[in-house]
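> Give me a 3D structure for the following:
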Amino acid sequence: MARKDNDDITQGLPVVNKPLTRRAFFVDDFKEKQAPFPEWIKGDRAIFWVWFSMVNQDLRYAQNGYASLPFQYHEPGDPANPCSSEERIEIIKKWLKKMKSSEGEIEAKIFLTYMRDEWFFVKDNIKTIDWLDQNEQHTLWLWNRLKKNIFFDTPVPERFNPSSPKERLIAINGALDFFTAKDVSEKNELVEPKIAFVQNEKRNYKAMKKKESSCKEIRQINIKINQSTKEKLEEILRENGLKQSSFIENLIIKFWNEKYKSRW
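A predicted model of the protein is given here:
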């Protein structure tokens with residue numbers, strides 16, 4: 001019997017499931033789970049890590065076969081020193097778009113999977129500093145101690161200037177999370193010094209606070225300011241959830257640290 005042109009010649013034949021290649025696997029996975037922004041890049045810590053890796057490294061991933069990817073990404077108009085996670089997210093989105101455009105969506109997906117696995121290693125192995133009071137005095141204290149630490153190198157303090165105590169604490173954790181290009185092959189060995197730094201500074205911080213508490217005596221002062229300045233002060237306190245006494249005290253301490261601490 002003659003076959004008609006529209007007959008399915010595969011009908012009745014057994015189905016053969018061929019094993020997927022690595023690339024085919026990522027193609028199917030990308031089609032099924034295509035999303036505008038990777039879901040694992042969430043929270044201040046992960047966002048800072050991705051942003052800092054993106055704008056400061058061009059050799060690290062090149063060593064792993066990603067030499068053509070657009071690292072050290074910066075576009076005119078983008079802040080070189082973003083002041084919030086929201087600003088960093090916008091820069092990351094632009095970088096992802098550029099990477100997909102230059103390398104293709106599949107290569108971008110493969111690379112982001114590699115980058116995600118590396119972030120999971122950092123997240124699972126590096127302890128975060130969550131015991132530090134988020135104020136100017138205490139975050140600056142630990143920031144300066146971090147910069148002087150000789151047991152591990154971190155480029156974060158050299159290339160990022162925090163705009164607030166919150167940003168400074170994010171950057172402190174970012175410095176601990178970050179591995180330089182030369183550190184990648186030895187990152188397992190470098191975890192211990194970072195953990196030791198966190199533990200030692202936690203003890204130092206507790207001791208410092210205990211000393212402050214025992215030595216601190218409250219004194220009342222009376223000051224007079226004009227109405228315009230008073231309104232500005234009230235706006236600052238209201239919008240930042242601060243108390244007048246602690247705000248004034250922190251201003252005095254900050255000024256003293258900048259102008260007079262070197263004398264001691």
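
> which element follows the longest helix anywhere in the chain toward the C-terminus?
Secondary structure of the chain per DSSP state H: the longest helix is helix 187-215. Next helix or strand after helix 187-215 toward the C-terminus (DSSP states H and E): helix 227-240.

> Would you mind listing the buried residues in that following helix?
Going by neighbour count (16 or more other C-beta atoms under 10 Å), nothing in helix 227-240 comes out as buried. Heads up, the C-betas are built off the backbone N, CA and C, glycines and all.

> residues in contact with Ile252?
Counting by C-beta atoms under 8 Å, 6 or more residues apart in numbering, Ile252 touches no other residue.

> That one and Glu258, how far apart?
Distance from Ile252 to Glu258, counting by C-beta to C-beta, to the nearest Å: 11 Å.

> ok, and for stretch 202-215, which residues are buried?
Residues of stretch 202-215 classed as buried: Lys202, Tyr205 (neighbour count, 16+ other C-beta under 10 Å).

> pLDDT weak spots in the stretch 101-250 of the chain?
For the stretch 101-250 of the chain, residues meeting the criterion pLDDT under 70 lie at 150-153, 180-186, 214-218.

> 50 instead?
Counting by pLDDT under 50, the stretch 101-250 of the chain contains no low-confidence range.

> tell me which element Phe37 is part of?
Using DSSP H and E, no helix or strand contains Phe37.

> so it sits right up against Trp95, yeah?
No - contact criterion C-beta atoms under 8 Å: Phe37 and Trp95 do not qualify, at 11.5 Å.

> quick one: which of these two has more around it?
Legend: neighbour count by other C-beta atoms under 10 Å for Phe37 and Trp95, higher for Trp95 (21 against 11).

> Phi first, then psi, for the more buried one.
Torsion angles at Trp95 (phi, psi; degrees, to the nearest 10) stand at phi -60, psi -40.

> separation between Val191 and Trp51?
From Val191 to Trp51 the distance is 22 Å (C-beta to C-beta).

> Tell me which of these two has more neighbours.
Using other C-beta under 10 Å, the more surrounded residue of Val191 and Trp51 is Trp51, with 23 against 19.
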